[in-house]
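Asker: fold the following for me, if possible:
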Amino acid sequence: MKILFIIATLEGGGAQKLLSGLALRINQKDRCEILALSAENDRFSADIRKNGTKCTFIPDTVKGITGKLKYMDAYIRNGRFDLIHAHLFPALYYGSVLKRFRYRSVPFIYTEHSTDNRRRHRNWLRPLEQWMYAPYEKIVSISEDTRSKLIKWIRVRKQKKRKFAVIHNGIPLDEYRNAKPYEREKILPGIEKDDVLLCMTGSFTEQKNHRFMVEVMKKLPRNYKLMCLGEGVLQDQIKELVIRSDLKDRIFFMGFHKDAACFMKTSDIAVIPSKREGFGLAAVEAMACGKPVVCSDVPGLSDVVGQAGVKIKNEDTAVFAESIIKEAGRKDLDEKIDKLQKQADLFDIESTVRNYLNLYHCCIRRKR
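Answerer: Below is the predicted model:
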């Protein structure tokens, strides 16, 4: 079996982490390659290639939609792939067009990674979206809420719902459980022994809700410090807000780190105030590290956390701050860690890979 993954970019994110995990494990028995539409902000290709996976970026010299389609067509034709697996927009659209007009005998599947996007706020785009999703043999969502919202958006008929599946994301659990914490004083000079260190992981976008977390920090005692892991379009705006809020000695911008597990292990509590989440990979990573989670009670994220974390139903900064203080003062830490890690066990990358491989084999058999 030979699989081609098509993805928009290999910058940091849940889809890219999933793809990295899939590629590593599939290549142990079968073969797979990755074709990315852009090399901009590439974070994962070096690690992926170390694992023996061929990773190709469409060159910058290939211009326009037609140029990219021709390049992808030639790549697929020369590669003789058994199945194509697309991730993220605009790979969704490119894959759909290629399936319709060039590769009707090759199974194409798509993974939906988000409960919302800008296209879904433009009703006039719905007919185009329906047309684009239609050719895929299977459409996988990373959570039940992601699936239900996609079905509602493109108005799937009852008899067609069977092609919409759910396969949860997963992480390499041992990698997070066995991660070693850093010495706090080395990564955060000036931090005190009794300071409570919070960790927030995610790109600086409206979805991740960094502005809300800045307001929460205003309500916490001064010995509460926050590490922000990630980068993004809003990073400079959030930095300016932190300075204006007189919090520059309590909120630290750590940048993008592949060793996020070590930073999580260094912290005391993980905070995830997202406005929405298709899944909530950061929550699984934190729970696997044995760190208490305080998060927004939003679909996808809420299901992942289950009863192991603290979920806040509305954007109330005071309640969010109070919950953090309460978690920091817990006495039953060993019992809490056990509960967190048992919840994380539900999202092992090995289970995710098995489910995808079963799906691949099923789709390929149907085409033969």
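
Asker: need the helices for the stretch 51-200 of the chain, in chain order.
Answerer: Chain-ordered helices for the stretch 51-200 of the chain, with DSSP state H, counting those that start in this stretch as the definition, fall at 64-79, 91-101, 126-133, 144-154, 173-177, 184-187.

Asker: among these, which is nearest Gly21?
Answerer: With distances scored as C-beta to C-beta, the stretch of those nearest to Gly21 is helix 173-177 (10.0 Å). To be clear about C-beta, it is placed using only N, CA and C from the backbone, and glycine gets the same treatment.

Asker: remind me, longest helix of the chain?
Answerer: In terms of residue count, the longest helix belonging to the chain (DSSP state H) is helix 349-367.

Asker: mind listing residues that contact it?
Answerer: Counting by C-beta atoms under 8 Å, 6 or more residues apart in numbering, the neighbours of helix 349-367 from elsewhere in the structure are 1, 3, 18, 21-22, 25-26, 30, 82-83, 85, 105-107, 109, 137-138, 140, 165, 167-173.

Asker: how far does that helix sit from the chain's center?
Answerer: A distance of 20 Å separates the centroid of the chain from that of helix 349-367, by C-alpha atoms, centre = their mean, to the nearest Å.

Asker: state the mean pLDDT of it.
Answerer: The predicted model assigns helix 349-367 a mean pLDDT of 93.

Asker: buried set for that helix?
Answerer: Of all the residues in helix 349-367, those buried under the rule 16 or more other C-beta atoms under 10 Å are 349, 352-353, 355-357, 359-360, 363-364.

Asker: okay if I get the helices of the stretch 51-200 of the chain as a markdown table plus mean neighbour count, distance to Ser245 and mean pLDDT?
Answerer: Putting the helices of the stretch 51-200 of the chain into a markdown table (neighbours: other C-beta atoms under 10 Å; distance: least, C-beta to C-beta, whole Å; pLDDT from 0 to 100) gives the following:
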| stretch | mean neighbour count | distance to Ser245 | mean pLDDT |
| --- | --- | --- | --- |
| helix 64-79 | 14 | 43 | 96 |
| helix 91-101 | 19 | 39 | 97 |
| helix 126-133 | 16 | 40 | 97 |
| helix 144-154 | 18 | 33 | 95 |
| helix 173-177 | 16 | 32 | 93 |
| helix 184-187 | 14 | 22 | 92 |
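
Asker: turn the ones you listed into TSV, columns for distance to Cys228.
Answerer: Written out in TSV, the entries for those read as follows (distance: least, C-beta to C-beta, whole Å):
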stretch	distance to Cys228
helix 64-79	34
helix 91-101	29
helix 126-133	34
helix 144-154	25
helix 173-177	19
helix 184-187	13
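
Asker: can you say which of those helices is nearest to Val242?
Answerer: Distances from Val242 to each of the helices of the stretch 51-200 of the chain were compared using C-beta to C-beta; the minimum, 17.9 Å, belongs to helix 184-187.
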